[in-house]
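1. A structural model of the following input is requested.
(one chain, ligands or ions: 1)
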Amino acid sequence: MYFDNSATTKIDDDVLEAMLPWLKDDFGNASSVYSVGRKARVMVENAREELAHFINAHPAELIFTSGGTESNNTALKSCCVESKLVNTLLVSSIEHHAVLHPAEELARQGFSLHILPVDDYGFVQFREAAPFNSAQTLVSVMHANNETGAIQPLEALREVVPNAFLHTDAVQSFGKISFDMQRLQLDFATISAHKIHGPKGIGALFIRKGIDFKAHQQGGAQERNRRAGTESPALIAGFVTAARNAIGNMDARAAIMRERTVLLRNLLGIQIPQIHFNTPDNNENDILALPNIVNISFTDADRLDGEAILQAMDMRGVAVSNGSACVSGSVQPSHVLVAMNRPAAEGRAAVRFSVSKDTTDNEVRSAVQALAEIVAAMRE
Ligand SMILES: Cc1ncc(COP(=O)(O)O)c(C=O)c1O
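-> Modelled structure (predicted):
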């Protein structure tokens, strides 16, 4: 019972099928001038065009990367170092480490770094960005959080910082909710394939046309001199197929996932006392969270052991995760939950369920039953 689809997803059969020819007979280098290379080039450019269309961008605004981590690193580091666009970074406290760690590294190199706080529900306090409305600032706020699923209304952030460069990490939201570059008025955006049943190791970075962007990764002239390295036609074919499936079926998939997470919420609330929902609850008018995530913590977490809960769930055949990290042998609380003012003990013993279009009602029932029994036993 796989409930960790925010970590990664199972590759779809037709995605794998789309990749195989580019690993076998059509193995050419897309930069080569002879026919096996040109064939790969045509596919790569068609994929770029289709992906750009999905986010309402121009194909020249997309570069392929090795995934979300590289796209985030590239956006932040190129803006500061290679492209010399900004001297100040403003990032939210709940960013993925693939944004926080490069930001901290840039701060060590002398760039000015400021952190945008969130409220108790995990929504970034956009008002606090107002003093940073400058063309020398890059603001980076994720579209949807990977631990809680909270969606940040980025249009409102753009209104607060019209002059700043704006980047978003859309790894979790891409393919699950609408993501439109014209509407959101972003300068940079990160997307990745493996959270939407595509292959690992491939993503893209949107770079708005007109930005004087210099490559962070240097070498060959690929991606119009903006990202060196031989493109992987197989991964790109998988990426575009997964994106086509996700975007073509977005409403239907969201409806299935939402049904499962509503059931999860209801059963968790009934079967397990003393829990706190860290994922904001959608209501009729407002979609506040991704359809696929439910994150809970336990208000008596100091009596529980988060790692032991995950291991006991695994023994019962249920894969779930939490946002804590093991650093030098001790469990660090999730920085996201701490930023939301949850006590550190809760941040060490949260449980994140993330479903997919393939998750069944019965799996939900079994997983909640398993967690209820494990937590009850630990409490005793
Ligand atoms: C919000 C977010 N950003 C970035 C990443 C990293 O993406 P990738 O695994 O494609 O490098 C992840 C993956 O867990 C993520 O959830």
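
2. what's around the residue of the stretch 1-150 of the chain at minimum distance from the ligand, how many residues?
-> Nearest residue of the stretch 1-150 of the chain to the ligand, counting by C-beta to the nearest ligand atom: Gly68, 2.5 Å away. Where C-beta positions appear, they are placed from N, C-alpha and C, glycine not excepted. The tally of other residues near Gly68 (other C-beta atoms under 10 Å) stands at 27.

3. show me what contacts it?
-> Neighbour list for Gly68: His96, Ala98, Asp169, Val171, Thr190, Ile191, Ser192, Gly203 [criterion: C-beta atoms under 8 Å, 6 or more residues apart in numbering].

4. per-residue confidence for Asp302?
-> On the pLDDT scale, Asp302 is placed at 94.

5. how many neighbours does it have?
-> Neighbours of Asp302 (other C-beta under 10 Å): 12.

6. how long is stretch 138-146 end to end?
-> End-to-end distance for stretch 138-146, by C-alpha to C-alpha, to the nearest Å: 21 Å.

7. avg pLDDT for that stretch?
-> Stretch 138-146 comes out at a mean pLDDT of 98.

8. please apply the same query to stretch 71-78.
-> Stretch 71-78 shows a mean pLDDT of 98.

9. on that earlier part again, would you mind measuring from the residue of the stretch 1-150 of the chain closest to the ligand to Leu235?
-> 14 Å (C-beta to C-beta, to the nearest Å).

10. what does the chain put close to the ligand?
-> Taking C-beta under 6 Å from any ligand atom as the measure of proximity, the chain contacts the ligand at 67-69, 96, 98, 142, 146, 169, 171-172, 192, 194, 203.

11. which of these count as buried?
-> 67-69, 96, 98, 142, 146, 169, 171-172, 192, 194, 203 (16 or more other C-beta atoms under 10 Å).

12. now, the most widely separated pair of these?
-> Spanning the widest gap among these are Met142 and His194, at 16.7 Å by C-beta to C-beta.

13. show me the strands in the stretch 1-150 of the chain, by range?
-> For the stretch 1-150 of the chain, the strands defined by DSSP state E, counting those that start in this stretch cover 62-65, 88-92, 112-116, 137-140.

14. which of the ones you listed is buried the deepest?
-> Comparing the strands of the stretch 1-150 of the chain by mean neighbour count (mean count of other C-beta atoms under 10 Å), strand 137-140 comes out on top with a mean of 26.

15. parallel or antiparallel, which strands does that one pair with?
-> strand 88-92 (parallel), strand 165-169 (parallel) (DSSP bridges).

16. I'd like those strands laid out as a markdown table, including mean pLDDT and distance to Lys214.
-> Below are those laid out as a markdown table (pLDDT from 0 to 100; distance: least, C-beta to C-beta, whole Å):
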| stretch | mean pLDDT | distance to Lys214 |
| --- | --- | --- |
| strand 88-92 | 98 | 17 |
| strand 165-169 | 98 | 14 |
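
17. and Ala130, which of these is closest to it?
-> strand 88-92 (10.6 Å).

18. follow-up on the earlier one: out of the strands paired with strand 137-140, flag the one nearest Asp281.
-> Across those, closest to Asp281 is strand 88-92 (C-beta to C-beta), at 21.1 Å.
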